[in-house]
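**Student:** got a predicted structure here, sequence first:
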Protein chains: 6
Amino acid sequence: MPRIDGRRPDELRPITFTPDFLTHPTASVLIDCGKTKVLTAATFVNNVPGWMKTQQRPGGWITCEYGMLPAATGERTKREAVSGKQGGRTVEIQRLIGRSLRMGADLTQMGERTLFLDCDVINADGGTRCASITAASLASALAFRRSAAAGAPSPFRELVAAISVGIVDGATVLDLCYEEDSNAEVDMNVVMSESGKIIEIQGTAEKAPFDRNRLNELLNFAEFGIKRIFQMQREALLRAK
Amino acid sequence: MPRIDGRRPDELRPITFTPDFLTHPTASVLIDCGKTKVLTAATFVNNVPGWMKTQQRPGGWITCEYGMLPAATGERTKREAVSGKQGGRTVEIQRLIGRSLRMGADLTQMGERTLFLDCDVINADGGTRCASITAASLASALAFRRSAAAGAPSPFRELVAAISVGIVDGATVLDLCYEEDSNAEVDMNVVMSESGKIIEIQGTAEKAPFDRNRLNELLNFAEFGIKRIFQMQREALLRAK
Amino acid sequence: MPRIDGRRPDELRPITFTPDFLTHPTASVLIDCGKTKVLTAATFVNNVPGWMKTQQRPGGWITCEYGMLPAATGERTKREAVSGKQGGRTVEIQRLIGRSLRMGADLTQMGERTLFLDCDVINADGGTRCASITAASLASALAFRRSAAAGAPSPFRELVAAISVGIVDGATVLDLCYEEDSNAEVDMNVVMSESGKIIEIQGTAEKAPFDRNRLNELLNFAEFGIKRIFQMQREALLRAK
Amino acid sequence: MPRIDGRRPDELRPITFTPDFLTHPTASVLIDCGKTKVLTAATFVNNVPGWMKTQQRPGGWITCEYGMLPAATGERTKREAVSGKQGGRTVEIQRLIGRSLRMGADLTQMGERTLFLDCDVINADGGTRCASITAASLASALAFRRSAAAGAPSPFRELVAAISVGIVDGATVLDLCYEEDSNAEVDMNVVMSESGKIIEIQGTAEKAPFDRNRLNELLNFAEFGIKRIFQMQREALLRAK
Amino acid sequence: MPRIDGRRPDELRPITFTPDFLTHPTASVLIDCGKTKVLTAATFVNNVPGWMKTQQRPGGWITCEYGMLPAATGERTKREAVSGKQGGRTVEIQRLIGRSLRMGADLTQMGERTLFLDCDVINADGGTRCASITAASLASALAFRRSAAAGAPSPFRELVAAISVGIVDGATVLDLCYEEDSNAEVDMNVVMSESGKIIEIQGTAEKAPFDRNRLNELLNFAEFGIKRIFQMQREALLRAK
Amino acid sequence: MPRIDGRRPDELRPITFTPDFLTHPTASVLIDCGKTKVLTAATFVNNVPGWMKTQQRPGGWITCEYGMLPAATGERTKREAVSGKQGGRTVEIQRLIGRSLRMGADLTQMGERTLFLDCDVINADGGTRCASITAASLASALAFRRSAAAGAPSPFRELVAAISVGIVDGATVLDLCYEEDSNAEVDMNVVMSESGKIIEIQGTAEKAPFDRNRLNELLNFAEFGIKRIFQMQREALLRAK
């Protein structure tokens, strides 16, 4: 059975990286992944969170804030600044992105700075958290490169990328669009390091539990897709200033 | 004395309109005005605010929400969804935009609908509220045209546009960039209708009060700039679907 | 056509200033302006806002908080302390009052202090923001005089006053009461300095845009009214301790 | 040992009631009790709280909201609308006032209405909760009388009044001013009905526990003071429209 | 007329203290009082509230936070962390508990520490605030004893206990269960010291005011019950480590 | 290398289930898992969330709220009702629990009801989210059994259980205590159905990414532990009313 947008089961949507879409932050990357469009920005702040000082933990910190513009979705989403708090889904996602990106750097080699990764979804068609991680990793790499060129320490270790996989109508598929995602039996997000290891795996049975064989198939698809993404990140990194 | 970016006193920054940057809302317009970049979206919701029902006020409503991405500014701005409320400046601006846009339509001819105008500043370099009004007016015009094509009533009356003027180092200037704005003696925003009348005027002495003569000069500059903007809006309206 | 309360188009409502209605603050002024009744208080706090310290900006600060008692209006207003935040209108007004009053003083000559201006509407019948500015300026002048008598620096420059003007049923009128205000085609608030210059002008087309001639007529009315108010402020200043 | 303001131990401060200080609510009473000044307003709303509907409880409801203007106290108090919530003391007081006033009426005879009692402290010098109860009871009586004159049901049963008593420097005293209150060993508020019974008694050992004999002495003082207050309320009720 | 659960008018429900139900705090006591079950914990924090520093007030502080699990009540209670604030009843209760417990210690002899008393209602059947005070006093005594054994100063003065009394169907009763409490004409909570004095008395006419004779009878019942509770606290203190 | 508490790598901590610890909810289960103690309650509410009505989605809903008492942790945790919102970790956990438990029931067969699962951590020593899922599943099973006995539809499908696994000092271990958890290189929570399938898998590299072999080993440990837990749940289900 063909996918709703005609892709093969293991086919990624087209990905484009537009570095430096913004003029102010140290680095920014606009990622287009099919119709999903996320703007990520990497900004250094010369300070660390209060708990690091309390615990006398040396080095720096990487943190993420995630948001979605109200008009990014099919039905207009209520603006979180108006409802007065970030929703549960938002909090869950930004914690995932922050954790994932911290694995790509050696925080103890970062100096007493915080790197803010702002991931704002401009247009949503599924896979926004994975697109955020992939683009934010590229923005981080650029920010660390530029900050190192200016004499600051460089804690960069390796790139990080993420992709969704899932089971839709019984079939294992890679990089689900919104239509697929909202009907999936199983939805899984996988974050990996350039060295081929797992940083985070979050798999959820939305309609029916799944067995170990299916889990392995899902991971095979994810690995296949993420390898291709690392190539595109590397090319973008070469082209950017 | 030349302006910081080399413009003549009565010279606008280059303006570009990119309609339909987004896939979901009825209409959207990305405006570039120098380095200022605002994404505006017009979305219909089949409902009106509670107070209209209570007051049994017929017709529809137009409302605006304004936001600024944290990385849009020179120093990273705290995310309002995190601090838990919209700041005073945000509230002030979105009320201005909403009022201005309501003057461009006959709300009684709108049907029982609300038009949400989301204005999100992607990159800020001064003049974001005026750019928002100008782009949101274009997005509204497109949204009403498309909705009318689909059989809904069209309350559209005329386009609305806005520009800032001010006194910088003693000289009257048009369309202030951030650098000029933060050093201005007087800062004024003018919203006008295509028919050449004033919809809103907000002038503030930031450093020194000003007299009636200066007020007239400021208004002359604003009228001159806004006329040019109406031409650009009209061209964009012709080109768009 | 006569005005609803029988006044001439350019006639102010009766104004009374009651200084020292309160026992605790450095100065306080209760203003009665027709049926509108606003209690303003000027209190020094030996501290400046955090951002002034961060920016190492010398001198002091003047800030305003505005509120309205629930029973001050025709229909009971929800208490903002209960709803958990200040509404948009409140925020807009208190920012206007603060900006206006700062123009009446030389903040650099103020010492490291903040002057809080609390403006609380006890009874509302239109024009509360203008009455607040006028009374708060008087309270500030008294507070600076008393604080200077006690040896503190005096940053006082000049008095500030405000009045509303508008177009009601096609006619230009001065100092609108609530009934007029809620039916006005155009509503404008003008803040001026004793030296006869404009500090803030905010004009809004509520029902129909207006042209430059009308704007000039509105400003003539405002100037006429504000001159009369400055006389009354001066008399109150002479009478007060 | 004489009291700080020269009063005898069982002497009330001078009390003045100013009915109809406001133009909008059904009734309002400004009470001056020494330097304490509280503005109370009684407003009917044609609705009852949601829980009454859920429980299908017949009749109406009386509720109170209490507030204190920032400049009402010696040191400026933070505005609750700015801090985003009512403080614990405020909540405790408004619940006490509401409970007390509900005992003065037969809610089942009230019709499906809510009576809002807004008690706003304009100037504070101790005893604000008792002054609020005393003035709000008068305002309620007026509101019920006027509403009955207009044909609505009248649930009024009897007046309610309150006074503070306490132990200061070992002596039992009536109607504590702020200075006495902040040094009291024991602080007690007593609310009574015109029929001479106790509606609420709240006694707190601030510095040392007290025995039953002392409790009786405190209650004797309270009864003595409250009887005098009921006379003044009755006189005010006769004079008012 | 017999009581709903067959008790005599002056009969307490069975009380059990389970010390050290928790592993982390310095001391904890689970109290069972009939079906009411409250978990109290006493935790030292090496800091004092900001206002004590500002006022340069020496010694330590004792404070209380009260909560109720959603499933503790007959109808599920909304979780306060979800609704975003503590309700009025919660605030009122935790202020009462804190005040009461502070009377059992000499804060000036406490060192610069704060003792947090967390009182969380696990299961509710009336009398939760009194059970909280009684158990928190026991937990405090244990915490001070252990902290003194470790060399810290001991500010402990005496035990504190509380009980409810009320008028139900015209009869004076001791220790009301929920069913009685929700139908009581008068509801009173009394907090006393081991030395037999009153620390706090809060009596409320829920349905009808009461006279001085009835007040004395209520206090006799309370004294009788509290004496019995002090014996049980003392026994528990002896048994505990 | 032995584990900190002497367990074998694949050894669970002792687990005890205490059903009906509470008197009000349909079912409640207190779980002790080593020193971790979580109180779970299952309460039916005859209503469904607003979005289900909007989407006209038939059947019922299962939702979870998670909380932690302040004294449950080594260092006292700030009470979320006081800080005014649920923290990110809390939100993440309660969403996980809700999703997991919904897989154990057929919501379409549930009738128009919501089952609230309150999971409150009384004492914390690692593994609180897994203990919550395991106990809440037991409470749900009891609640559905009792509600079915009373004639309501029974949507129960199968039990759900969860356990943590991780890599500590290079070794794969089952059921981490707090000490292990805070030093783990990898931390993984696995939720499975009684039928042996995966409902949710969340693995996070806290210190170093891990490969597919390690993932399989972690899953083997989890499967082994969860099978043992299902036996204990079944026994508790047999014993309970």
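**Tutor:** Great, that's in hand.
**Student:** pLDDT score for residue A:114?
**Tutor:** Residue A:114 is assigned 97 on the pLDDT scale.
**Student:** for it, name its beta-bridge partners.
**Tutor:** With DSSP bridges as the criterion, residue A:114 is bridged to residue A:45, residue A:61.
**Student:** wait, it sits on residue A:52?
**Tutor:** No - if you go by C-beta atoms under 8 Å, residue A:114 and residue A:52 don't touch, sitting 9.0 Å apart. The way it works is simple: take the backbone N, C-alpha and C, and place the C-beta from them, glycine included.
**Student:** which residues do the two both contact?
**Tutor:** residue A:61 (C-beta atoms under 8 Å, 6 or more residues apart in numbering or on different chains).
**Student:** tell me the contacts of the closest residue to chain C within chain A?
**Tutor:** Nearest to chain C, among the residues of chain A, is residue A:84, at 7.9 Å (C-beta to the nearest C-beta). Contact analysis of residue A:84 by C-beta under 8 Å, 6+ apart lists B:84-85, C:85.
**Student:** among those residues, which ones are in strands?
**Tutor:** Among those, no residue falls in strands (DSSP state E).
**Student:** can you put those in JSON lines and add distance to residue D:212 and pLDDT?
**Tutor:** Output for the contacts of residue A:84, formatted as JSON lines (distance: C-beta to C-beta, whole Å; pLDDT from 0 to 100):
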{"residue": "B:84", "distance to residue D:212": "50", "pLDDT": "87"}
{"residue": "B:85", "distance to residue D:212": "51", "pLDDT": "89"}
{"residue": "C:85", "distance to residue D:212": "47", "pLDDT": "89"}
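**Student:** quick check, nearest of the residues you listed to chain F?
**Tutor:** After measuring the contacts of residue A:84 against chain F - C-beta to the nearest C-beta - the closest member comes out as residue B:84, at 7.9 Å.
**Student:** poorly predicted segments of chain A, please.
**Tutor:** Scanning chain A for pLDDT under 70 picks out A:1.
**Student:** check the secondary structure at the residue positioned nearest the centre of it for me.
**Tutor:** Nearest to the mean C-alpha position of chain A, counting by C-alpha atoms, centre = their mean, stands residue A:133 at 1.4 Å. Using DSSP: H, G, I helix; E, B strand; the rest coil, the secondary structure recorded for residue A:133 is helix.
**Student:** SS state for residue A:151?
**Tutor:** Criterion first, three-state DSSP; result for residue A:151: coil.
**Student:** tell me which residues in the lengthiest helix in chain A are buried?
**Tutor:** The residue-count maximum for a helix in chain A (DSSP state H) belongs to helix A:212-239. Buried residues in helix A:212-239, defined by neighbour count with 16 or more other C-beta atoms under 10 Å in any protein chain shown: A:214-215, A:218-219, A:221-223, A:225-226, A:229-230, A:232-233, A:236-237.
**Student:** likewise stretch A:145-162?
**Tutor:** A:145-147, A:153-157, A:159-162.
**Student:** repeat that for stretch A:65-79.
**Tutor:** Those would be A:65-73, A:76-77, A:79, for stretch A:65-79 by 16+ other C-beta under 10 Å.
**Student:** ok, stretch A:161-170 next?
**Tutor:** A:161-168.
**Student:** so it, near chain F or not?
**Tutor:** No - using C-beta under 8 Å from any C-beta of the partner chain, stretch A:161-170 stays clear of chain F, with a minimum separation of 11.7 Å.
**Student:** export that stretch as PDB, just CAs?
**Tutor:** C-alpha atoms of stretch A:161-170 as PDB (Å, rounded to 0.1, in the frame of the first residue of the first chain):
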ATOM      1  CA  ALA A 161      20.200  13.900  14.500                       C
ATOM      2  CA  ALA A 162      16.700  12.600  15.000                       C
ATOM      3  CA  ILE A 163      14.000  11.000  12.900                       C
ATOM      4  CA  SER A 164      10.500   9.500  13.500                       C
ATOM      5  CA  VAL A 165       9.500   6.000  12.600                       C
ATOM      6  CA  GLY A 166       6.200   4.300  13.100                       C
ATOM      7  CA  ILE A 167       3.700   1.700  12.200                       C
ATOM      8  CA  VAL A 168       0.900   2.900   9.900                       C
ATOM      9  CA  ASP A 169      -1.700   0.600   8.700                       C
ATOM     10  CA  GLY A 170       0.500  -2.300   9.800                       C
END
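**Student:** list the contacts for the residue nearest to the centre of chain A?
**Tutor:** For residue A:133, the contact set (C-beta under 8 Å, 6+ apart) comprises A:96-97, A:100-101, A:160-162, A:191.
**Student:** which strand or helix spans residue A:93?
**Tutor:** Secondary-structure element containing residue A:93, defined by DSSP states H and E: helix A:88-102.
**Student:** kindly apply the preceding question to residue A:192 instead.
**Tutor:** With DSSP H and E as the test, residue A:192 turns up in strand A:186-193.
**Student:** what lines up beside that strand in the sheet?
**Tutor:** strand A:160-168 (antiparallel), strand A:198-205 (antiparallel).
**Student:** and the angle for it with helix A:212-239?
**Tutor:** With axes from the mean of the first three to the mean of the last three C-alpha atoms, to 10 degrees defining the directions, strand A:186-193 sits at 40 degrees from helix A:212-239.
**Student:** for chain A, which residues are neighbours of chain E?
**Tutor:** Proximity of chain A to chain E, by C-beta under 8 Å from any C-beta, involves residues residue A:85.
**Student:** with respect to residue C:181, which of the buried residues of stretch A:65-79 is nearest?
**Tutor:** Closest to residue C:181 out of these is residue A:79 (30.1 Å), distances taken as C-beta to C-beta.
**Student:** what's the spacing between that closest one and residue B:79?
**Tutor:** Noted for residue A:79: a distance of 12 Å to residue B:79, by C-beta to C-beta, to the nearest Å.
**Student:** check residue A:165 too.
**Tutor:** From residue A:165 over to residue B:79 the distance is 30 Å, taken as C-beta to C-beta.
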